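I'd like to go over a predicted model; first the sequence, then the structure.
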Amino acid sequence: MCAAQFPNGFLWGSATAAYQVEGSPLADGAGPSIWHRFVHTPGLVRDGDTGDVACDHYRRWKEDVAIMRRLGLQAYRFSVSWSRILPAGTGHVNYAGLDFYDRLVDALLENGIEPLVTLYHWDLPAALDDRGGWLNPEISKWFADYAEVMFRKLDGRVKKWATLNEPWVVTDGGYLHGALAPGHRNRFEAPIASHNLLRAHGAAVQAYRATGRHEIGLVVNIEPKYRASDDPADVAATARAEAYMNRQYLDPVFFGHYPKEMVEIFGEAWPDWPSEDFALIQQPIDFLGVNYYTRSVTRFDANAWPLKACAVRQKQATYTETGWEVFAPGLTETLLWVKRCYGNIPLYVTENGSAFFDPPTAAKGRVEDPLRVDYLREHLGAVRDAIAQGVDVRGYMAWSLLDNLEWSLGYSKRFGIVHVNFATQQRTPKDSAHFYAKVIASNGAVL
Ligand SMILES: OC[C@@H]1[C@@H](O)[C@H](O)[C@@H](O)c2nc(CNc3ccccc3)cn21
């Protein structure tokens, strides 16, 4: 393999998530999700933005598949809205909701695009939140039953499934700091939600082994932690941050136990877990999805709750609109770290991307986004470097296909390689999309 090339069969794609792009949250019998509730609670989302319309992908999916085809995408990672399938989260199946994903998958396959399906990307049915949601241990069965409905409908046409997207964000954002749905701020709830997310992941993998015939994995966000100094307090803070964000989910799945730092971080709020839970959590998976955006240079901070650690801004670095340092070597390091710590399990970079302000371009039909092109080029080079060092990376999904609802930040941050005019819903591939198309067509040789 030439150093400048990616392996034959490397899977080039892009990614979205249901609540961020679909719109029509209650159409055709769908039930509300916790994000539908969250965005309609005044003051929680910037500018009062909601996912009521978003990118109108629920209605414009054919147009969006055609855009993917024109860009030469080989794969499309998307998530299923649980409450479209099971409006109350359990029980009655809403066949109109199933039909939407059935048609989308068929259209992708007809256009030579492989679907990668995420079962949970943060949009819990509101009816299940009313029953405790991720705090109720029964959710492992609720989730497995939902997953089985999807497996029976789509498995075979869908050959790569992911149970959860970023359990760390679900817990840290939704239960510890409260910036994301369902907006709890409770250090006793966070570990329970985390643990039940992992139990639900394990139960869904078990269900897949009984009904599915292809591959299933987990998607985690990994942000490599670099210590700000050799001061023992900074070294310890960095170890806590790495355990909390990067190992809290991988250690249970691969080793059957939590990092030892979790007790130190949560103290009395960290329960003694039933040992039988880890047999469920440790179901073997076929691949790991890694979402990488940035790194964190980390120091001790006595006031930073609960980690007593914080990030140190880097003077010479470029930062994105979300305040994340552009640091492509961190992606190589992350992929090598996963291989070193957990073995050479097949990896997909399931999300990588950047939010930059896209200045209005004089040329009609063109959106110049040079900073996003640079970010993409540098990070694809980082993936290639990890592959050259023996990491089994099998694909890359650019985040995101479309500008979309950036959760509590509303539409203020644009990650898309395709621009969306939310007033008209017009899609315009950005320069980054045209660059990515050339990368795909050459299997990375243009990098
Ligand atoms: O923020 C960009 C994307 C977001 O739109 C996706 O839905 C989500 O999967 C996603 N995860 C990250 C990385 N993790 C993260 C870290 C801190 C706060 C929020 C997300 C970035 N993104």
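Yep, that arrived.

any idea where the helices of the stretch 201-350 of the chain begin and end?
For the stretch 201-350 of the chain, the helices defined by DSSP state H, counting those that start in this stretch occupy 232-241, 250-255, 261-266, 275-281, 329-342.

Closest to the centroid, which residue in this protein?
In the chain, the residue lying closest to the centroid (Cα atoms, centre = their mean) is N165, at 4.4 Å.

ok, the residue nearest to that one when sequence neighbours are not counted - contacts?
Spatial nearest neighbour of N165, chain neighbours left out: H121 (4.2 Å); criterion: Cβ to Cβ, 6 or more residues apart in numbering. No exception for glycine: its C-beta is placed from N, CA and C like everyone else's. With contact taken as Cβ atoms under 8 Å, 6 or more residues apart in numbering, H121 is in contact with A17, A18, Y19, S79, N165.

repeat that for 6 Å
By Cβ atoms under 6 Å, 6 or more residues apart in numbering, H121 lies in contact with A17, S79, N165.

residues in the stretch 51-200 of the chain within reach of the ligand, list them.
For the stretch 51-200 of the chain, the contact set with the ligand under Cβ under 6 Å from any ligand atom comprises N165, E166, V169.

and the last one, how far is that from P137?
Which is V169. Counting by Cβ to Cβ, to the nearest Å, the separation of V169 from P137 is 21 Å.

does the residue of the chain found nearest the ligand have beta-bridge partners, and which?
As assessed by Cβ to the nearest ligand atom, the ligand sits closest to N221 within the chain, at 3.9 Å. For N221, the beta-bridge partners are N291 (DSSP bridges).

what does the one 4 residues further on give?
In this structure, K225 bridges to S296 when assessed by DSSP bridges.

Tell me the pLDDT of it.
K225 is assigned 98 on the pLDDT scale.

Surely it touches T238?
Yes - between K225 and T238 there is a contact under Cβ atoms under 6 Å: 4.8 Å.

who's in contact with the residue of the chain closest to the ligand?
By Cβ under 6 Å, 6+ apart, the residues touching N221 are E166, W168, N291.

could I have the strand or helix carrying the second one exported to CSV, CA atoms only?
Right, W168. Taking DSSP states H and E as the criterion, W168 maps to helix 167-171. Provided in CSV are the C-alpha atoms of helix 167-171 (Å, rounded to 0.1, in the frame of the first residue of the first chain):
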residue,chain,number,x,y,z
PRO,A,167,-22.6,7.6,26.3
TRP,A,168,-20.2,10.0,27.9
VAL,A,169,-22.0,13.0,26.4
VAL,A,170,-25.4,11.6,27.2
THR,A,171,-24.4,11.4,30.9
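
Does anything pack onto it? Which helices or strands?
Using 3 or more Cβ pairs under 6 Å, 6 or more residues apart in numbering; DSSP states H and E, the elements in contact with helix 167-171 are helix 189-211.

Can you give the distance from the helix it packs on to the centre of its chain?
Mean-position distance between helix 189-211 and its chain equals 16 Å (Cα atoms, centre = their mean, to the nearest Å).

and it, what does it pack onto?
By 3+ Cβ pairs under 6 Å, 6+ apart, helix 189-211 packs against helix 139-154, strand 160-165, helix 167-171, strand 215-221, helix 275-281.

pLDDT (mean, whole number) over the fourth one?
Here the mean pLDDT over strand 215-221 is 98, rounded to a whole number.

can you check the third one too?
Confidence for helix 167-171, expressed as mean pLDDT, is 98.

about what we covered before: identify the residues contacting the helix holding W168?
Helix 167-171 has contacts (Cβ under 6 Å, 6+ apart) with W122, A190, A193, S194, L197, N221, M245, Y249.
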